[in-house]
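# any chance you can model this:
(chains A and B)
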Amino acid sequence: MKLLRLSISLIILIVLSSCIQPLQLEDLGVVISRGVDKNEEEKIEVNMAVLQFNKDSPSTTKTIDGVGETIQGAIKNANTKANQYLANGKLELEIYGRQVAEEGLEPFIDTLRRDANIPSTVFLAVSDTTAKEIFTIDTEKIDINLGQFLHEIIQPGPEKRLFPVVTFPRFLYTINNSGIEPVLPIMEVKDGNPALSGVALFKGDKMVSELPLKDAILISIMEGTVRNEIIEITIPKEELSAELQKDTKRDRLKMTFIIEQARGNNILTNKEELKYDTKIDLKLNLIEIFPTYKLEEEKVINDIERAIEKHIKDRYETLLSKLKELNIDTFGYGIKYRIKNKGGKLTAKEWDELFPKIDTTIDVKAEIIRHGSVHR
Amino acid sequence: MELNVSIKPGNRIRAIYLFFIIISVQIGVGIIGAPRFIYMEAERSAWLSILIAFLYICVLVSCMLIILKKYDNADLLGIQVDLFGNFFGKLLGIVFLVHLGLSMMSILLTYIQVIQLFLYHAMPNLLITSLIMILVLYTVYGGIRVIVGVTFILFLITMWILTVLYDPFLRANWYNLLPLFDSSLPDILKGTRATSYTLAGFEILWLIYPFIQNKNKVRLPIFLGLAFTTIILLVVTVLSISYFSAEGLKTIDWAVLILVKNASFTFLERLDYIVVVMWLMIILPNLTLLMWGMTFGAKRLFKVPQKISIWILTVLILILVNFFHYDYQITKVTDLVARFGFWITYVYPFLLLPIVLIKKRQKKPKGSDKQ
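Numbers count the residues shown, from 1 in each chain, chains lettered A, B, ... in the order given. Have a look, this model is predicted:
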């Protein structure tokens, strides 16, 4: 009896193992990144950087492309050219061509939501020209897989949660929320190498405008608490205080800081008049300065801090006036308005009319809490 | 049929295990999709709905305990026969068992749907059910003590899943929860009603109560268990609301699995696959307790040996699962359980209480007459 039971359970074990399709690593083409474009016939063209497990292959990257009416259809089409089964369970980055982004990303994000296979950790980005251009570069200079390389351009080193890292759920959140508009990083090919080049501003699912890359830090400060980022600040001599001007013959003050902590906060002070206070706190650690000053003196530090405050404030004001002109609420002023609104609801249309009228007072507070291992 | 259940001393369980039983039977598949249903009704005040539901359930369980304590060692089936006579009492007993059966079906079907969505698209219903039923049969065969043991161990094994929620917690947009106290009271109560499917399951207390060894200590573990479940549901709901946009959450079917999908480690890329499989360990105590409830009930009502009824039920389930393929069919079953179960679980005890009290009061003078 005991033998019978044992043999039955053994048979079950053996039989059941065939219930699930086995997939060998060598037979898998693991898609790390993919680019989405539209071709001349208005069909979707997908370029994929696939991880190679084959020991004999000369390169770690293989790029495959496919054309179809839908993204998944294009992947199926690409599969006809590949000797491996394309698995998108480790998708890390999806890049959209500029044309596609300007026409609206709505058709392309459906499968990212619907297909349970696709991870939530996937990043989104926009290509300066077409996504195809990024995926067809000469990969010989890159010693790791291209897909992984592109992913690490956006997030080098440890995990980040702020811009330029925009995960798919974050993008979806900003698209669906009427009080805030999405942003994505722009990538371009520079001298044969892919690189970050700017910030794409979206209105709904459509890319409307762009900002230079140096403004990316302004966006991440408004998104959440920034830590361990590097910021370069150049201040013309005229903007410095009289005493600082006296000490130097150079025409501008050049500095680089590590941001120990930076955070921005919008407060709606008067709902009827749409008055906002935007508070930005910066805690900075000086790592490079030229020309140098007597940094052990409180007065000097304070004067530099004031100059930085004015500089950052100017940058925010220029950026904000541009956003108001374009009517894109990238910083999420609408979220604060919605909370005070009746019923806690705000329609996109309502906010479109109000946003250009908002009156924002920007208040920057900069503290240089360290100035390195020397004071001169 | 005897009113009181006679239980061998070796089959009794200690009251402390009720804590694990209550949590395990409450947390099933419902919680995966619950945030959406509660949010659709109560919007940002969903957390308030859950707290109201908790208070309601506390009152309800106290009421159940009052009824059960009026008898020496009876379960619901015995009490009903005592109150409504042999025919109606047994009829109500059947209704209760059918409720347990439907709950079990809805859990199985929903889990099969999740498996097919996340892991194996082409795996037939019959196969998944057979694999699960092997485990369920094996456990139920062991008797009540084994079932409670499994419940206890699987509780300890599965609770780490909660820690994975740290990632959505760090990415949450807390402003989504503001303004507070904004929804109207009817909406909040509708939200409370929407929790009924998720928080149901504690009605197993009706059957398991006679097995408790130290009945004077049942209150604390039960209420702690209820509080624990409520806290988990609260955390999950608040996180879902703050993580997804309002429009987004209304369209997401399996909010908790999407939340879990966020965490990723260098040594483990896709945690959601593991969580989906781990979820079997969460629903297994559910299924075994319900299966045991049905077979034990059948034995009480019709003296059918448990070894026979368990096989009949298994075959019945194995046949039935093959007819459900569409999402809307499964939603219908779940809706049926939610609606039908609402009256049995959440309203019926309050109707039963006055009848029991009146009946018991009538009996007392009779007893004193005899003296």
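# spell out which residues of chain B are next to chain A.
Residues of chain B lying close to chain A (C-beta under 8 Å from any C-beta of the partner chain) are B:43-44, B:117-118, B:120, B:123, B:127, B:131, B:134, B:170-171, B:173, B:175, B:178-179, B:182, B:243-248, B:257-258, B:261-262, B:264, B:269-270, B:272. Any C-beta I mention is one placed from the backbone N, CA and C, and that applies to glycine too.
# list only buried entries from these.
B:43-44, B:117-118, B:123, B:171, B:173, B:175, B:179, B:182, B:243-246, B:248, B:257-258, B:261-262, B:264, B:270, B:272 (16 or more other C-beta atoms under 10 Å in any protein chain shown).
# can you list which of the residues you listed are found in helices?
Using DSSP state H, the subset of these located in helices is B:Leu117, B:Phe118, B:Arg171, B:Tyr243, B:Ala246, B:Gly248, B:Leu257, B:Ile258, B:Asp272.
# wait, the last one touches B:Lys261, no?
Yes: look at B:Asp272 against B:Lys261 with C-beta atoms under 8 Å: they come within range, at 4.3 Å.
# what touches both of those two?
A:Pro119 (C-beta atoms under 8 Å, 6 or more residues apart in numbering or on different chains).
# and the average pLDDT for stretch B:166-183 is what?
On average, the pLDDT along stretch B:166-183 is 86.
# same check, this time on stretch B:244-264
87.
# can you dump the C-alpha atoms of it in CSV for me?
Output of stretch B:244-264 as CSV, limited to C-alpha atoms (Å, rounded to 0.1, in the frame of the first residue of the first chain):
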residue,chain,number,x,y,z
PHE,B,244,-2.4,55.3,-8.8
SER,B,245,-4.2,58.2,-10.3
ALA,B,246,-7.9,58.4,-9.6
GLU,B,247,-8.7,57.5,-13.2
GLY,B,248,-6.1,54.8,-13.2
LEU,B,249,-7.2,53.0,-10.1
LYS,B,250,-10.8,52.7,-11.4
THR,B,251,-9.5,50.7,-14.3
ILE,B,252,-7.0,48.4,-12.6
ASP,B,253,-8.3,44.9,-11.8
TRP,B,254,-5.5,43.6,-9.6
ALA,B,255,-4.2,46.6,-7.8
VAL,B,256,-2.2,44.8,-5.1
LEU,B,257,-0.3,42.7,-7.7
ILE,B,258,0.5,45.8,-9.7
LEU,B,259,1.8,47.4,-6.4
VAL,B,260,4.0,44.4,-5.8
LYS,B,261,5.3,44.5,-9.3
ASN,B,262,7.3,47.7,-8.5
ALA,B,263,9.8,46.1,-6.2
SER,B,264,12.8,44.7,-7.9
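# now that stretch: how far from the chain's centre is it?
Its chain's C-alpha centre and that of stretch B:244-264 lie 23 Å apart, by C-alpha atoms, centre = their mean, to the nearest Å.
# same thing with stretch A:297-310?
Counting by C-alpha atoms, centre = their mean, stretch A:297-310 comes out at 32 Å from the chain centroid.
# buried ones in it?
By 16+ other C-beta under 10 Å, the buried positions in stretch A:297-310 come out as A:Val300, A:Ile301, A:Asp303, A:Ile304, A:Glu305, A:Arg306, A:Ala307, A:Ile308, A:Glu309.
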